[in-house]
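Trainee: sequence first, predicted coordinates after that:
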Amino acid sequence: MSFNVVSNLDRFNAFFSQPTLHPMVGIGDLSKADKSIFEPTDFTSYCVILMNSNCGEMVKSGRSIQYRQGTMVTVRPGDIISMKLAPDAHPAGMMLLFRPEMIENTGLGRDFYMFNFFDYDVGEALELTDREHEVMMNCFANIQAELDAKNDELTGHMLRLGIGQMLSYCKRFYERQFDTRKFHNSDMMVKLDAMLDSYLAGEGGLMESLGYPTVAWCASQFHLTPNYFGNMVRRQAHVSAQEYIQNKMVERAKELLADPALSIDDIAFRLGFTYPNHFTRMFRKKTGLAPSAYRKR
């Protein structure tokens, strides 16, 4: 697939026929954008896009994104995003773009791990309440005001503060969305339990071909990225996805230890461990006892 590459702020600002006010940060009003911005494009930067109208099908890295007026989409370097504009469409919204170099070796870069929603390859945008939409519009306005101000030694610092504030609000709103979808997430946990029970019982030959279940494999069964899946599990189970899987493995190990015909090595191999000592280490960490000691008790 052919796509456009936006490698600098001059190319980004050209879409909006506006001057480049900073070499690493820019904001554009989608209602004023040239329609070519909606063609498949890699912006090679981090972007936060607030959609204020529904104007066609949005596609990000091959996945159609469900969105509506008042929703938000984030883009990371390497993502290909496009919009198949509907006839007589009138795009509206705001777009923040900042180069990865903007946060390198800075406090924002150090804390950027918090904003793992950039890795959420899900088929829906972040839903905003009316109040949240107002907050995000204020964030755009604050960053734009700093871009419009006279450049001085504090400009970069102030822009990073504005970007950090916007991303922190995005994080908060994603957390709120996880809470409001509690019923859906609970249904996911029921399916996850059934899926892991089947996997650990050796059904389907998955254990023999893939080894013990991983977070990445579980996430793929729900068509989610590991980060998004892990956040959903943590919100429901109050442990990490890896811990949740290991707890299920320990439950299965206890069942197998009740069969005296199985050696510790047999059980380790049945649970997908290549090396039995790795199984023993995990079991002791979770229960405080080695498998052999647990069996005797």
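Mentor: Ah, there it is.

Trainee: now do the same for A258: its pLDDT.
Mentor: Looking at A258, its pLDDT reads 88.

Trainee: count of residues packed around it?
Mentor: Using other Cβ atoms under 10 Å, A258 has 8 neighbouring residues. Every C-beta, even on glycine, is put in place using the N, C-alpha and C of the backbone.

Trainee: next one: P23
Mentor: Residues near P23, counting by other Cβ under 10 Å, number 12.

Trainee: what sits against it?
Mentor: 8-9, 99 (Cβ atoms under 8 Å, 6 or more residues apart in numbering).

Trainee: mind listing what's buried along stretch 49-60?
Mentor: Using 16 or more other Cβ atoms under 10 Å as the test for burial, stretch 49-60 gives 49-52, 54-55, 58, 60.

Trainee: save the residues you listed as JSON lines, and put in distance to F43 too.
Mentor: Converted to JSON lines, the buried residues of stretch 49-60 look like this (distance: Cβ to Cβ, whole Å):
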{"residue": "I49", "distance to F43": "10"}
{"residue": "L50", "distance to F43": "15"}
{"residue": "M51", "distance to F43": "16"}
{"residue": "N52", "distance to F43": "19"}
{"residue": "N54", "distance to F43": "21"}
{"residue": "C55", "distance to F43": "19"}
{"residue": "M58", "distance to F43": "14"}
{"residue": "K60", "distance to F43": "11"}
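
Trainee: wait, a helix at G272?
Mentor: No - secondary structure of G272 (DSSP: H, G, I helix; E, B strand; the rest coil): coil, not part of a helix.

Trainee: so what's it up against?
Mentor: Neighbours of G272 in contact, by Cβ under 8 Å, 6+ apart: 207, 210-213.

Trainee: got the residue ranges for the helices in the stretch 51-200 of the chain?
Mentor: For the stretch 51-200 of the chain, the helices defined by DSSP state H, counting those that start in this stretch occupy 107-110, 130-148, 155-180, 182-200.

Trainee: looking at those, which has the lowest confidence?
Mentor: Lowest mean pLDDT of these: helix 182-200, a mean of 78.

Trainee: and it, how far out from the chain middle?
Mentor: Relative to its parent chain, helix 182-200 has a centroid offset of 20 Å by Cα atoms, centre = their mean, to the nearest Å.

Trainee: in that helix, what counts as buried?
Mentor: Those would be 185, 188, 192, 195-196, 199-200, for helix 182-200 by 16+ other Cβ under 10 Å.

Trainee: return the closest of those with respect to C170.
Mentor: N185 (19.3 Å; Cβ to Cβ).

Trainee: how many other residues sit next to S45?
Mentor: By other Cβ under 10 Å, the residues close to S45 number 24.

Trainee: need the strands for the protein, in chain order.
Mentor: 4-5, 25-29, 41-42, 46-51, 56-60, 63-65, 71-75, 81-85, 93-98, 126-127 (DSSP state E).

Trainee: could you export those as a markdown table, including distance to R284?
Mentor: What follows is the strands of the chain, written out as a markdown table (distance: least, Cβ to Cβ, whole Å):
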| stretch | distance to R284 |
| --- | --- |
| strand 4-5 | 51 |
| strand 25-29 | 51 |
| strand 41-42 | 47 |
| strand 46-51 | 42 |
| strand 56-60 | 44 |
| strand 63-65 | 42 |
| strand 71-75 | 41 |
| strand 81-85 | 47 |
| strand 93-98 | 46 |
| strand 126-127 | 42 |
